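Novice: heads up, no residue letters with this:
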């Protein structure tokens, strides 16, 4: 977590100080104006909360006694390839088509997993490298 404190309000705008609570170190910060949204932000350097920008509006709305603690911004790992093709059309299918569609998707997932989990022996890995380098050599000698 990061604690942002309002140090002073000067004619040039507010001045903030940021403290990384997990490492007890001061984080360099500055204010930045985003022209496209007509908004001021506090820009933080690398920190344990994984936050780079905090808007002035967010700070002033949530701050108590000039201090605001920024929670850690975490997201779960992305799972690639989980979307099924044309899944939005399933409600329009007949019961038989829906069952056939689900069986096809299940078989495709099984085939993908069986191909991914194949482990090559050391000899197979070396043979693949040899074939790769022979192809490169053939391309160079043309």
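Specialist: The structure has been received and is ready for your questions. Treat the numbers as computed from the prediction; the structure is a model and nothing was measured.

Novice: how about the least confident helix or strand in the chain by mean pLDDT: buried residues?
Specialist: For the chain, counting by mean pLDDT, DSSP states H and E, helix 95-116 ranks last in confidence among helices and strands (a mean of 87). Within helix 95-116, the residues that count as buried by 16 or more other C-beta atoms under 10 Å are residue 101. Glycine gets a C-beta too; all of them are placed from N, C-alpha and C.

Novice: i'd like the first residue to be 315 from this point on
Specialist: All right, first residue 315 from here; so that's helix 409-430.

Novice: Give the next helix or strand downstream of that helix.
Specialist: For helix 409-430, the following helix or strand on the C-terminal side (DSSP states H and E) is helix 436-455.

Novice: Please list all residues in contact with residue 363.
Specialist: Applying C-beta atoms under 8 Å, 6 or more residues apart in numbering, one finds that residue 363 lies in contact with 315-316, 334, 384-387.

Novice: Repeat the analysis, applying 7 Å as the threshold.
Specialist: Neighbouring residues of residue 363 by C-beta atoms under 7 Å, 6 or more residues apart in numbering: 315-316, 384-387.

Novice: Could you check how far residue 379 is from residue 436?
Specialist: 64 Å (C-beta to C-beta, to the nearest Å).

Novice: Oops, could you answer that again for residue 406 instead?
Specialist: Distance of residue 406 to residue 436, given as C-beta to C-beta: 51 Å.

Novice: Show me how the chain divides into domains.
Specialist: Described in terms of automatic domain parsing, the domain architecture of the chain consists of the residue ranges 316-384, 401-455.

Novice: got any ranges where this structure has weak pLDDT?
Specialist: Counting by pLDDT under 70, the chain shows low-confidence ranges at 389-399, 431-432.

Novice: Apply 80 and report the result again.
Specialist: Within the chain, the stretches with pLDDT under 80 are 387-401, 428-434, 456.
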